[in-house]
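Colleague: Predicted model and sequence follow; I will ask about them next.
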Amino acid sequence: MVKYPLDNYREAKIVEYKFVKVSELIQLCSIPGISGREELVRGRIASMIPGICKIDSIGNLIYEEGGSKDVTSVEKDNSVLLMAHMDEIGFYITDVREDGKLTIRNVGGIIEETLPGTFVEVVSQNGIMDGVIGAVPPHLKGDGEVFDKCVDVGAKSRNDVYNMGISELDYVVFKKTGVILNNDNLAMRSLDDRFGCYTLSQVVNNVRNTSNYISAWTVQEEVGLRGAKALTQLYKPRLAIAIDSFACCSKQNKHIELGKGPVIRALDNSSISDMPTVRSLIDLAHKSNIPVQIGATGGGNDASVFLEMGVPMIAISVPVRYLHSQVEMINLLDLDNLIKLLIVFLEVF
């Protein structure tokens, strides 16, 4: 049974948003799903969509919608493709040790210095169980004790672990708490990229689109954009859009701030966004009184893989503080404006 950490949310004073329902976003972030094990997340998203979705052979969730120009069919080569990835960083269990500890392997970009003294959840076929990644007490550091990167579930032996229903190739995520800070900032693990997944669901539920569009919630982005690469075998859209995180507060983008609007991710390690589309989106944002920011960052994005097919792309985001940590933070008004911007764009593109 998935536990939803809503206590702090209920106690907070919440700003009203047009499209963002904070409890829904927190619930979506709470669901575990590392790369290759996105099935729980996929099920939740499918329940949020009014129409019929399909699942491809590697687990991408896909929704197709005809535009007002042609409501009878979706022309795959004349559609706008929007993508957000379902997977989060975490760990696979690679070995159950004789002492009952679990050996783990990183999935995605883990910040190693944040691991000691961390609460985690072990996701097995028998359900979700609590665990911890331990730490070396300061009292023992003088004795030469070193950090042991493993998960402790309170078991005394390997058989004890198996009897709990935990085995090799089960997976581990950080235990999640969602908190509202100063009314409209949400801090929580796996906002990357569940805010993007939530954005796509709200677009599907609210847009009156002119063009055909395809929404795809992708798998295995954190380990090499694998889900998006599979989509290139199914679609050649006229425009590919990735909704993914933008790491703010770095030296190269100090001008990007929480609360100042969504970010056009014009440049990253994998791609350069299509400049005519960037300019059109900026003009549309200004005409619609939607604040927007422009920046460059590291990392990659799902839409970049379509460039090699000759498909123009753009990446769009909200600023995220502390990306890939247990306390990722976004401004909820930025998210509301991101959803507004994408809806307006699909209604006129």
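Modeller: Here it is on my side, so go on. Residues are numbered from 1 along each chain as shown.
Colleague: wait, what's in contact with the residue nearest to residue 249 when sequence neighbours are not counted?
Modeller: In space, and not counting its chain neighbours, residue 249 is closest to residue 321: 5.8 Å by Cβ to Cβ, 6 or more residues apart in numbering. Glycine gets a C-beta too; all of them are placed from N, C-alpha and C. Shown in contact with residue 321 (Cβ atoms under 8 Å, 6 or more residues apart in numbering): 248-249, 258, 328-330.
Colleague: Go through these and single out the one with the most neighbours.
Modeller: residue 330 (27 neighbours; other Cβ atoms under 10 Å).
Colleague: so how many other residues sit close to residue 347?
Modeller: Using other Cβ under 10 Å, the number of residues around residue 347 comes to 15.
Colleague: Restricted to strands, list the contacts of residue 321.
Modeller: Among the contacts of residue 321, the ones falling in strands (DSSP state E) are 329-330.
Colleague: Reformat the contacts of residue 321 as JSON lines; add distance to residue 239 and pLDDT.
Modeller: As requested, the contacts of residue 321 are exported to JSON lines (distance: Cβ to Cβ, whole Å; pLDDT from 0 to 100):
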{"residue": "248", "distance to residue 239": "25", "pLDDT": "86"}
{"residue": "249", "distance to residue 239": "30", "pLDDT": "72"}
{"residue": "258", "distance to residue 239": "28", "pLDDT": "96"}
{"residue": "328", "distance to residue 239": "28", "pLDDT": "97"}
{"residue": "329", "distance to residue 239": "30", "pLDDT": "97"}
{"residue": "330", "distance to residue 239": "25", "pLDDT": "98"}
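Colleague: Tell me the bridge partners for the residue nearest to residue 249.
Modeller: Beta-bridge partners recorded for residue 321 (DSSP bridges): residue 329.
Colleague: Poorly predicted segments of the chain, please.
Modeller: Filtered on pLDDT under 70, the chain yields the residue ranges 1-14, 68-77, 141, 250.
Colleague: what about the helices in it?
Modeller: Using DSSP state H, the helices found in the chain span residues 7-11, 22-30, 39-47, 158-163, 191-206, 226-231, 275-287, 332-348.
Colleague: Comparing these, which comes out most buried?
Modeller: Mean neighbours per residue, mean count of other Cβ atoms under 10 Å, is largest over the helices of the chain for helix 191-206, with a mean of 25.
Colleague: contact partners of that one?
Modeller: With contacts defined as Cβ under 8 Å, 6+ apart, helix 191-206 is touched by 19-20, 24-25, 28-29, 41, 45, 48-51, 63, 65, 82, 84-86, 88, 215, 217, 221, 243-245, 317-318, 320, 323-324, 328-330, 335, 338-339, 342-343, 346.
Colleague: which one of the contacts of residue 321 is nearest residue 308?
Modeller: Nearest to residue 308 among the contacts of residue 321 is residue 248, at 28.6 Å by Cβ to Cβ.
Colleague: Isn't the closest one up against residue 256?
Modeller: Yes: the criterion here is Cβ atoms under 8 Å, and residue 248 meets it with residue 256 at 4.4 Å.
Colleague: Find residues that contact each of the two.
Modeller: Counting by Cβ under 8 Å, 6+ apart, the contacts common to residue 248 and residue 256 are 263, 295, 319.
Colleague: could those go into CSV alongside distance to residue 161 and neighbour count?
Modeller: Output for the shared contacts of residue 248 and residue 256, formatted as CSV (distance: Cβ to Cβ, whole Å; neighbours: other Cβ atoms under 10 Å):
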residue, distance to residue 161, neighbour count
263, 44, 26
295, 45, 21
319, 41, 26
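Colleague: Grab the nearest non-local neighbour of residue 212.
Modeller: Computed as Cβ to Cβ, 6+ apart, the closest residue to residue 212 that is not its neighbour in sequence is residue 79, at 4.1 Å.
Colleague: quick one: contacts for the nearest residue to residue 101 once chain neighbours are set aside?
Modeller: Of all residues not flanking residue 101 in the chain, residue 150 sits nearest, at 4.3 Å (Cβ to Cβ, 6+ apart). Taking Cβ under 8 Å, 6+ apart as the criterion, residue 150 is in contact with 97, 101-104, 133-134.
Colleague: Residue 94 versus residue 150, what's the distance?
Modeller: The spacing between residue 150 and residue 94, counted by Cβ to Cβ, to the nearest Å, is 10 Å.
Colleague: what sits in contact with each of these two?
Modeller: Residues touching both residue 150 and residue 94 (Cβ under 8 Å, 6+ apart) are 103-104.
Colleague: residues contacting residue 301?
Modeller: Taking Cβ under 8 Å, 6+ apart as the test, what residue 301 contacts is 225, 242, 244, 265, 268, 270-271, 315.
Colleague: at 7 Å instead, please
Modeller: Going by Cβ atoms under 7 Å, 6 or more residues apart in numbering, residue 301 touches 242, 244, 265, 268, 270-271, 315.
Colleague: Need the phi and psi values for it.
Modeller: For residue 301, the backbone dihedrals (degrees, to the nearest 10) come out as phi -150, psi 150.
Colleague: For residue 152, grab the count of nearby residues.
Modeller: When neighbours are counted by other Cβ under 10 Å, residue 152 registers 15.
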